[in-house]
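K.L.:
When you get a sec, could you give me coordinates for this:
(one chain, ligands or ions: 1)
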Amino acid sequence: MYLKLGSVPTVVVSNADMAEEIHKSHDSVFCSRPIRAVTNRLSYGGHGVTFASYGEGWRQLRKISVAELYTTKRIQYLRAIREEEVRVLIKTIAEISAADQMPNVSDMARCLLNNIICRQAFGRRCSNDGECRRNKFHDQLWESSKLLGAFCPSDFFPSMGFLDRLTGFHGHLEKAFNFFDNLLEEEIEDHLKCDNEDDRDFMGVLLRLQKDTSLGFSLTENKSRLSSWYANTNSLRRLRLLILCLVLQEIFLGGSDSTASVIEFGMLELALNPRVMNKAQEESDLQKLTYLKLVVKEILRHRPPGPIPSPHESMKDVNVRGYDIPAKTRVITNIWAIMRDPQFWKDPEVFWPERFEDNDLQYKGQDFQYIPFSTGRRICPGMNLAVTGVELTLANLLHCFNWELPDGMKPEDVDLSETVRFLFQLKTPLQLKATPAF
Ligand code: HEM
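P.N.:
Residues are numbered from 1 along each chain as shown. Take a look at the predicted model:
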């Protein structure tokens, strides 16, 4: 579908055939990102991985982060952190249910992920010791996520940037992202003071890398733009640190709430489908978790946390199936519609993990009817980290507790409405009754 959103030409991709055409046959043309007010601020003028335009800087940084942060070896290495944090979550839920209260699954999933990501990134938790309850990151991440998905006038009328100031959008943006700037600066200072440049956490890896002059990526070209945000920043080393730490910021924004949403929606679907919950709880081979893996695949199909990922942009004029698409056309891929297309999916509205039993659909973006992590050069690099964390968490929640809707509540009474910001989240936080299983 071709649209003109404001003054911006836009193509919406909402079926698997077209996704293959755009993200496979013509991926080299469509793998860039448009410059938008919010992502420009977040990425200090188009740096980092997630919001950078396609080019040498993006290629290098993506290659480094995939090789250093998202490998199977590193996921294994971080396993102890995930397991410890899930234990804290289980202990907190046990305390809440012992006090005859109901855990707020939505808040707790976010808290769990904030702690896991914080420890993976900086080597420390963001909650009080020994508990998994709402913490200061919740509101900040929520605010940033809201801004990433919010209507911003200059995104549709790029020549009218002044509207962002008049509407107050610019001020909100500065306030929200100053939090991350300060957090990252503090963490860098702390790590440098401790001379913690080993590979225990992502920050340690990045500090090692930024010293490596053989990497050959130039982080200096946009120094003037960066300097306007960092008036005191004039040393090259510091600039390199800031850019590399953007990768950490992206891990927070990309990895925390998205993974937490899968847990939130997963528990919702299981509470609404006791047959599926019982079958997953009865699974005997806890090493393989064959059925739970199908459940996670179905959660990601039925309720993908990023239903409409950050847009791509074409880098030159191109002809796709007879249609001329000019350079700088924005491409929005509607993952949600693709994964509910009745042409590929039987009863797409029904939550039915068994649909994955007889096929070999994988997350890797090769099967264009199933792309919860997108596809092509921009495919989510954190998918294995995310899936491992979701499987571990759900397996423990189901193994340790029986879960039910609150007393007297029927499935049809549950508020299923979602807010779509940058990510899908439930409007009303999910509260469930948890009874210890032993
Ligand atoms: C279940 C959880 C997750 C889902 C469903 C998800 C999904 C996605 C999607 C749809 C994209 C957009 C790709 C595109 O533009 O075509 C993306 C990009 C990205 N994700 Fe994830 N993600 C998840 C977890 C994570 C985690 C845990 C991390 C890191 C720790 C992460 C890091 C990133 C990064 C850095 C990008 C930008 C890639 C680029 O532009 O080159 N994500 N993700």
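K.L.:
now the helices for the stretch 251-400 of the chain?
P.N.:
Per DSSP state H, counting those that start in this stretch, the stretch 251-400 of the chain carries helices over the ranges 274-281, 290-302, 335-338, 383-400.
K.L.:
Taking helix 274-281 as reference, get the angle to the longest one.
P.N.:
When you say that, I think you mean helix 383-400. On the basis of axes from the mean of the first three to the mean of the last three Cα atoms, to 10 degrees, helix 383-400 is oriented at 100 degrees to helix 274-281.
K.L.:
What of the second one?
P.N.:
Orientation note: helix 290-302 sits at an angle of 140 degrees relative to helix 274-281 (the same axes, to 10 degrees).
K.L.:
Packing partners of the biggest strand by length in the chain?
P.N.:
Counting residues, the longest strand in the chain under DSSP state E turns out to be strand 8-13. Other elements packing on strand 8-13 under the criterion 3 or more Cβ pairs under 8 Å, 6 or more residues apart in numbering; DSSP states H and E are strand 2-5, strand 330-333. To be clear about C-beta, it is placed using only N, CA and C from the backbone, and glycine gets the same treatment.
K.L.:
Ok, which of the helices of the stretch 251-400 of the chain comes nearest the ligand?
P.N.:
Evaluated with Cβ to the nearest ligand atom, the helices of the stretch 251-400 of the chain place helix 383-400 nearest to the ligand, the distance being 3.5 Å.
K.L.:
Now that we have the helices of the stretch 251-400 of the chain, can you turn them into CSV and tack on mean pLDDT?
P.N.:
Formatted as CSV, these follow (pLDDT from 0 to 100):
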stretch, mean pLDDT
helix 274-281, 95
helix 290-302, 97
helix 335-338, 96
helix 383-400, 95
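K.L.:
any chance of the ones you listed in JSON lines, with distance to Thr39 too?
P.N.:
As requested, these are exported to JSON lines (distance: least, Cβ to Cβ, whole Å):
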{"stretch": "helix 274-281", "distance to Thr39": "37"}
{"stretch": "helix 290-302", "distance to Thr39": "24"}
{"stretch": "helix 335-338", "distance to Thr39": "19"}
{"stretch": "helix 383-400", "distance to Thr39": "21"}
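K.L.:
Could you take those helices and lay them out as a markdown table, with extra columns for distance to Cys152 and mean neighbour count?
P.N.:
Putting the helices of the stretch 251-400 of the chain into a markdown table (distance: least, Cβ to Cβ, whole Å; neighbours: other Cβ atoms under 10 Å) gives the following:
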| stretch | distance to Cys152 | mean neighbour count |
| --- | --- | --- |
| helix 274-281 | 40 | 16 |
| helix 290-302 | 28 | 21 |
| helix 335-338 | 22 | 21 |
| helix 383-400 | 27 | 20 |
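K.L.:
Make TSV from those helices and add distance to the ligand to it.
P.N.:
Listed next are those as TSV, based on distance: least, Cβ to the nearest ligand atom, whole Å:
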stretch	distance to the ligand
helix 274-281	18
helix 290-302	6
helix 335-338	6
helix 383-400	4
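K.L.:
which stretch among those comes nearest Ser43?
P.N.:
Closest to Ser43 of the helices of the stretch 251-400 of the chain, according to Cβ to Cβ: helix 383-400, at 21.0 Å.
K.L.:
The next helix or strand after the closest one packs against which elements?
P.N.:
Next helix or strand after helix 383-400 toward the C-terminus (DSSP states H and E): strand 401-404. Contacts defined by 3+ Cβ pairs under 8 Å, 6+ apart place strand 401-404 against helix 236-272, strand 433-436.
K.L.:
Can you say which of these is packed in most?
P.N.:
With neighbours defined as mean count of other Cβ atoms under 10 Å, the helices and strands packed on strand 401-404 peak in mean count at helix 236-272, which reaches a mean of 22.
K.L.:
the inter-axis angle of the helix or strand encompassing Met203 versus helix 236-272?
P.N.:
Following DSSP H and E, one finds Met203 within helix 202-211. Between the axis of helix 202-211 and that of helix 236-272 there is an angle of 150 degrees, by the same axes, to 10 degrees.
K.L.:
send the alpha carbons of helix 202-211 over as PDB?
P.N.:
The C-alpha coordinates for helix 202-211 follow below in PDB (Å, rounded to 0.1, in the frame of the first residue of the first chain):
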ATOM      1  CA  PHE A 202      28.600  -5.200  28.200                       C
ATOM      2  CA  MET A 203      30.100  -2.000  29.500                       C
ATOM      3  CA  GLY A 204      33.400  -3.800  30.200                       C
ATOM      4  CA  VAL A 205      33.300  -5.200  26.700                       C
ATOM      5  CA  LEU A 206      32.700  -1.800  25.100                       C
ATOM      6  CA  LEU A 207      35.400  -0.100  27.200                       C
ATOM      7  CA  ARG A 208      37.900  -2.700  25.900                       C
ATOM      8  CA  LEU A 209      36.700  -2.200  22.400                       C
ATOM      9  CA  GLN A 210      36.900   1.600  22.400                       C
ATOM     10  CA  LYS A 211      40.600   1.300  23.100                       C
END
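K.L.:
List the contacts of stretch 277-290.
P.N.:
For stretch 277-290, the surrounding residues in contact (Cβ atoms under 8 Å, 6 or more residues apart in numbering) are 270-271, 291-292, 295, 391, 394-395, 398-399, 402-403, 437.
K.L.:
Just list the residues touching the closest residue to the ligand within the stretch 51-200 of the chain, thanks.
P.N.:
Nearest residue of the stretch 51-200 of the chain to the ligand, counting by Cβ to the nearest ligand atom: Arg62, 5.2 Å away. Contact analysis of Arg62 by Cβ under 8 Å, 6+ apart lists 49, 381.
K.L.:
ok, now Glu174?
P.N.:
Shown in contact with Glu174 (Cβ under 8 Å, 6+ apart): Arg41.
K.L.:
This structure: strands as residue ranges?
P.N.:
Here the chain has its strands, by DSSP E, at 2-5, 8-13, 312-313, 318-320, 323-325, 330-333, 401-404, 418-420, 424-426, 433-436.
K.L.:
Which of those has the highest mean neighbour count?
P.N.:
Among the strands of the chain, strand 312-313 has the highest mean neighbour count (mean count of other Cβ under 10 Å), at a mean of 24.
K.L.:
Pull out the buried residues from stretch 63-83.
P.N.:
For stretch 63-83, the neighbour count (16 or more other Cβ atoms under 10 Å) marks 64-65, 68-70, 74-75, 78, 81-82 as buried.
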